[in-house]
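>>> Provided below for reference: sequence and predicted model.
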Amino acid sequence: MMLIKVFPIFLILALSACSSLREENDARKATLVQSERTIVYSCNKTTVKAIYSFQGQEPVEAKIVLGNKLLAESLEYDFTKKDFTSFISDQYIWNVDAGLTLNKVAAVDAVTLIQRGKKSSKVLAKNCFINFKETKKINR
């Protein structure tokens with residue numbers, strides 16, 4: 001009988017502890033500083049500028065400028081890819097080598113920029129290497 005009276009109290013305490021832990025976790029995520037880094041790539045006579053957003057060390061999204069044209073405002077980081085880093089939208093895919101983090105962003109080359117199509121996709125840029133001179137100009 002005593003157990004029936006005490007059990008609801010333990011249940012309430014356990015649930016409130018879980019709730020406060022979840023709130024603390026959400027608050028910690030919200031306080032992570034979002035950083036941006038811009039990298040300029042040379043891709044077979046084409047210039048691609050990628051503006052990466054990071055939450056802590058992890059990539060979150062990328063904006064892509066092809067030549068002088070803003071091509072994609074918000075490509076989301078695709079967490080499912082393990083062999084490379086990929087940012088996607090319903091229109092574009094931006095692939096870079098594996099290991100893109102805030103600390104390594106200036107050391108990871110890009111692979112391809114793809115425009116998705118209904119029947120087939122088109123490669124807009126490939127074999128991209130960091131243009132250190134132009135990247136340095138932008139990030140002064």
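Structure received. Numbers count the residues shown, from 1 in each chain.

>>> number of residues surrounding Lys63?
Neighbour count of Lys63, defined by other CB atoms under 10 Å: 19. Placement of C-beta: from N, CA and C, glycine included.

>>> which SS class is the residue lying closest to Leu102 once chain neighbours are set aside?
Once flanking residues are discounted, Leu102 sits nearest to Phe54: 4.4 Å by CB to CB, 6 or more residues apart in numbering. Three-state call for Phe54 (DSSP: H, G, I helix; E, B strand; the rest coil): strand.

>>> Phe54: how many residues sit nearby?
21.

>>> what does the one 5 residues further on give?
One way to gauge burial is a neighbour count; for Pro59, by other CB under 10 Å, it gives 22.

>>> ok, now Val65?
The number of residues near Val65, taken as other CB under 10 Å, comes to 16.

>>> quick one: it from Thr47, how far?
8 Å (CB to CB, to the nearest Å).

>>> and for Arg37?
Counting by CB to CB, the gap from Arg37 to Thr47 is 17 Å.

>>> for the most centrally placed residue in the chain, which non-adjacent residue is closest in space?
Centroid-nearest residue in the chain: Val60, 2.5 Å away (criterion: CA atoms, centre = their mean). Nearest residue to Val60, sequence neighbours excluded (CB to CB, 6+ apart): Ser53, at 4.7 Å.

>>> in this structure, which segments are predicted with low confidence?
Along the chain, segments meeting pLDDT under 70 span 1-33.
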